Structure formats: structure tokens, C-alpha cells
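J.: Can you look at this prediction? I've put the sequence above it.
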Amino acid sequence: MKTLPTGQYIPGDSFLHQLEARAKISCLFLLIAAVLGASSFWGYALVLATISTLLLLSGLPIRGAVAPVRRISWFLLIILLMNALFFEGEAVLASWGIFHLSRGGIEQGFRVVGNLVLILILGNLLTMTTLPTQVTTALESLIKPLKLIGVPTEEVAIIISVAIQFIPTLLEETELIKMTQIARGARFESKKLSERAASFLPLVVPIFISSFRRAEELSLAMEARGYRKARNRTKPKKAPLAPADYTALIVCALICLIQLLWRG
Amino acid sequence: MSIKIEKLSYSYTLPSGEKVEALKDITCSIETGDFVGIMGPTGCGKTTFIQLLAGLRSPTGGRIYLDGEDINVRGYDRNRLRRTVGVVFQNPEYQLFAATVEKDVAFGLKYNGLSRSEVTGRVRWALETMGFDFEKVRAQSPLALSGGEKRRVAIAGVIATKPKILIFDEPIAGLDPYGRRNFLQFIRGMNQTGTTVIMVSHNLEALAEYTRHLLVLEQGRLIDSGPTREVFARLQQRNNGAFGQTEAQRIVALLAEGNLALSSAIITYDDLLSALKQELNGGGAG
Ligand SMILES: Nc1ncnc2c1ncn2[C@@H]1O[C@H](COP(=O)(O)OP(=O)(O)O)[C@@H](O)[C@H]1O
Ligand SMILES: [Mg+2]
């Protein structure tokens, strides 16, 4: 059974844990840009090397850091197939009706799935080494400039960080509901695709309902605890960025830049 | 359907790689047709234990035999296991999903190889057992029912497969006294028709009155097991009853302080009542 919850903060004092949250989030965006920008063999080699280094620097167990990838492996496979079969690329290898299997399509599929996997791992590295409250505060100060054009930045920051905190709860609940339905006969692990597909609804409907219930509970709890408008809250003092934060930012910016140059 | 559990242990692995030992070296057995209670403080491993019994997790150590067959060996028919063992989890209402009550209750019967009319018969029986008027609820959406009704529909969905072993995880938590009594009577009824019942509960009165055997867990270990009365009597000795004392036992202890010594075998209110009656009739003011 898969029992590993993901997306949760794991206390530690690694290099990644010690980076300031604002610096970490900015680095995350730079690296996501680098992943999306990678187009050549060397481009991918560079982002792979970067992510491997980060994994080592995080001091996290590899299994935990890549767990979200394993969880959605089915979804990734579907994306791969869709791209391979529907993408109208060159060098068609075979066709069946509307499906065209082409080399271009296969490459495209692997690229999309590869990007998703790398981005998932990067995002997971952030949430595993940063407290949710730190993420909120950091996001809030990073998107502050948007306030000038009327964006309610404090609320947006809260929404994003609540969403991040929701993920582990939802995964846990999914696990429980899955077990409940298996106990009464659902066949998620069946070898027959039709039986697997038939257990889709018993899983999705309760999860949907439970997310709404959770959202309602959370909003009630926030109200009960006196949350009204963000501007009335006392805010923790912003820590200044340390030399390590600047170094990380510069390195990530360089990686991003190199990708853009390699694209030509 | 007898269950034999040998040196069972289970640990969870946290994302940090750390292991949490939820169950340690548990050995016990449960006879066919028994009514077994599981008690112990929150976090002692009760839920994990029943998930293992139902084959929903694989043990990290030890074995579970159902009628002599190890349920965790390769090739054991898991689907048969699902039909044999029914589990009512905490908050069973969260499992509802279908468009109508009838379809939801019938979900577990999908692969049972029953004919259409047999399925309807089963669904009718399950809903009526749970106190519904079948014709009235069958076409309703289970999600539009009240909280208590949802719970009963969910349980109907579990008993519809007529499992030989029924497991309940804290079924009466959150019920009012009336609902609690009704529910316990229902469980007793299932037990009297031959179903082996395993019930996790924090309600010591319910355990004392309804179960025949008890398993007591503490921090993942089985610290006591045996006939319910004997276990309660022993628990009273342990830590002077700080853990696992029924209200009736507490009253007996208080009376003893007031120089009214009653039998130490008193566990339930009924015991207490008859002992007091005897005391009044026999001893008078003495
Ligand atoms: N999914 C899980 N991941 C990690 N630890 C868990 C998980 N579920 C339960 N535990 C831990 O295992 C122990 C036993 O839990 P549980 O079986 O739920 O106890 P109970 O039902 O008696 O309250 C507890 O320490 C709990 O924190
Ligand atoms: Mg529990």
C-alpha cells in the first residue's frame, strides 16, 4: 500500500531549509522557467543536474521527494499517450483512423511529461522545506507590486498557501476513501481496465464532496478565529536576505539565462 | 470464520523516512460467531489493526489466518476476502457516491454474480435492516439525506454483501444515547444471526454490556485479552482502574469506600442493580 503522504513540511536544517522563503519561491519560478525553456540535450542535462543537486542539498529522502510523481503516474501515462497518438508530428510510424503514431509525437509526449515531473519535484522541494506560514508571507510580499493595479495581494497569497496546505489533507483523505471503497468491493487494483474505470466514480465523488466540506470547515474556522481582512492582522517582521539567498538567486537566474541562450 | 493472528506488527513510513510502529507483536484469535470488542486510548493502533484484519494493508511482520489460510500470501483471493469481511469505518457516510440510494447500496454486490432480482432483494433487506422504507428511499439521492440517514445507508451498503465478519470502527461515537442503544441492538442482532462482530469503541459501558471478548491495546501492544468480564476485572486491578473502569465499577469502588462492599465481579449497571437488590433484601440495614 502507498502510505507516504506528500507535500508536507519536514523539519530540518539543510541548505534548502535555511534559505529565505522569498528567495526560495523566486528560485522556484526561475527554475520552472528553465525547465520549460530547456530544448536541447544539454538543456535537459543542466536542469536535471540542478534538480539532483537540490535533492541532495535538501537532505530529504528521495522517495518522499518524488512521491507525488508516483501518485499521478497514471495521469502522466495518459498524457504521454495522448501526445504520442494525437500530435501531428513528422515521421509517422503508424496510423489507425484518427490516431497517428509519429516520432515527433512521441518526443513531444516525453517532453511534456518530463517537464511536468521536474516541475512537480521542484514544487515539492519548496513545500517540504518551507513552513506554510512562511510560504504565505513570502508570496504576499513578492506579489505586493500587483497591489498597484488593484489586485488584493494578501487574499491571493492566502488562497495560494491554503491550496498548498490542502494537498496533503486531500491525499490522506483520498487514501482513506480508497480503502473504504476497496473494503466494499471496488477494484482499483484490478488488472481489468473496465473494473478500474468503474471504481473511478466511487473515488472521485466522495473526494469532491470532502474538499467542499473541508473548504467550508476551514472558512468557518477562519471566521471564528477572527479572520476578516488581511490588513488587520499583525504581520511577522520580514527577515533580510542572507548572502546564501543572493547566491541561490544568482545561480538560478544564470541557469535560466543559459537555457534561453541555448535555445538560440 | 475464525481469525488467527500471529506476531502481527505494522509500521508506517513517514515522508522523512522515519518509521512509526503502530502495532507490535500481536498474537490472539477470534472465534466464529464471537462478539469481540477492541479498546484502548486514541492512537494505540485500533484502526490500523482492523485495516490489517480486512486486508487493506499488508503487515510489516507476522501473519493473519482466516479459517487457517494466510490472507497475505500471494495468490490469496482478495476479492473473496472483501466479501467475507465487511468494514464500517469511522464516518462511513463519506463513502456515498451514487445517484440513488439503491445504486449505492448495490455497489458492493456488483461482482457477486447475483441476478438482478437477487441484488434488489439484498438491497431491500439491507435497507430495511437499517430501518428504512425501501420503496421510499430507493430512488433518493444518498447525498441529500440527513447525517444520520447517510450513515445508515452507508452501513446498509456494507451489510448488503452479507459478510461473515463485520468490523465496526467506533460506530457509536457521536450518536445520542437513544441512537447508540438502537445501533448496539442492531449490531447484537447481526451477531445473533451468526455474524462474527468486531467493534472498536471508547464506550466502556457498551463494551461491557454487549461484547463477549475484549482485546485491549496500548501503544500498539496487546496488553490484555479474554472474556469481557475477566478483562474488566483485571483492568480494575491495573493502575487502580485508572484505565478502563466502567461507571458501575466506579460506583462499586465508591460504595466500598463508604463501607458497602459489593462483589468485585460487577461490571455493568445490570450487575450493580441485582447486587444492590440482593443487598437490600438479604442484609436489610445491616
Ligand atoms: N497514515 C498514517 N501515516 C503515519 N502514521 C499513521 C497513519 N495512520 C496512523 N498513524 C499512526 O499510527 C498510530 C496508530 O494509529 P491508529 O491506528 O489510527 O490508532 P487509533 O485508531 O487507535 O486511534 C498512531 O500513532 C498514528 O499517529
Ligand atoms: Mg481510530
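T.: Nice, I can see it. Ligands and ions are numbered 1, 2, ... in the order given.

J.: Which strand or helix spans residue B:231?
T.: If you go by DSSP states H and E, residue B:231 is part of helix B:228-237.

J.: average model confidence for that helix?
T.: For helix B:228-237, mean pLDDT rounds to 87.

J.: Tell me the buried residues in whatever helix or strand comes next after it?
T.: Where DSSP H and E defines the elements, the next helix or strand beyond helix B:228-237 is helix B:247-257. By neighbour count on 16 or more other CB atoms under 10 Å in any protein chain shown, the buried set for helix B:247-257 is B:248-249, B:252-253, B:255. C-beta here means a position set from N, CA and C on the backbone, and glycine is covered the same way.

J.: Which neighbouring elements make contact with helix B:247-257?
T.: Using 3 or more CB pairs under 8 Å, 6 or more residues apart in numbering or on different chains; DSSP states H and E as the contact test, the elements touching helix B:247-257 are helix B:204-210, helix B:269-283.

J.: count of neighbours near residue B:139?
T.: 11 (other CB atoms under 10 Å in any protein chain shown).

J.: Run through the residues that contact it.
T.: B:100-102 (CB atoms under 8 Å, 6 or more residues apart in numbering or on different chains).

J.: most neighbours, which of the residues you listed?
T.: In those, the most neighbours by other CB under 10 Å go to residue B:101, 28 neighbours.

J.: and residue A:217, how far is that from residue A:166?
T.: 11 Å (CB to CB, to the nearest Å).

J.: Look at the two and report which has more neighbours.
T.: Between residue A:217 and residue A:166, residue A:166 has the larger neighbour count (other CB under 10 Å), namely 15 against 10.

J.: Compute the first-to-last residue distance for stretch B:21-41.
T.: 16 Å (CA to CA, to the nearest Å).

J.: Return the set of buried residues in it.
T.: Buried, per 16+ other CB under 10 Å, within stretch B:21-41: B:21-24, B:26, B:30, B:33-40.

J.: Could you do stretch B:258-270 as well?
T.: B:262, B:266-268.

J.: Stretch A:102-116 too?
T.: A:102, A:104-109, A:112-116.

J.: just checking, residue A:121 touches residue A:66?
T.: Yes: if you go by CB atoms under 8 Å, residue A:121 and residue A:66 touch, sitting 6.0 Å apart.

J.: between those two, which one's more packed in?
T.: residue A:121 (20 against 17).

J.: Helix, strand or coil: sort out residue B:167 for me.
T.: strand (DSSP: H, G, I helix; E, B strand; the rest coil).

J.: tell me which residues form a beta bridge with it?
T.: residue B:87, residue B:198 (DSSP bridges).

J.: Give the rounded mean pLDDT of the helix or strand harbouring residue B:188.
T.: Using DSSP H and E, residue B:188 sits in helix B:177-192. Helix B:177-192 carries an average pLDDT of 92.

J.: Quick check: which helices or strands does it pack against?
T.: Using 3+ CB pairs under 8 Å, 6+ apart: helix B:177-192 touches strand B:35-39, strand B:165-169, strand B:196-200, helix B:204-210.

J.: before we move on, back to that, out of the helices and strands packed on helix B:247-257, which is the most enclosed?
T.: The highest average neighbour count among the helices and strands packed on helix B:247-257, using mean count of other CB atoms under 10 Å in any protein chain shown, belongs to helix B:204-210 at a mean of 21.

J.: what's the following helix or strand after that helix?
T.: With DSSP H and E, the next secondary element past helix B:204-210 is strand B:213-218.

J.: Check which residues of the helix or strand hosting residue A:247 are buried.
T.: Assessed by DSSP H and E, residue A:247 sits inside helix A:243-263. Using 16+ other CB under 10 Å as the test for burial, helix A:243-263 gives A:245, A:248-249, A:252-253, A:255-256, A:258-259.
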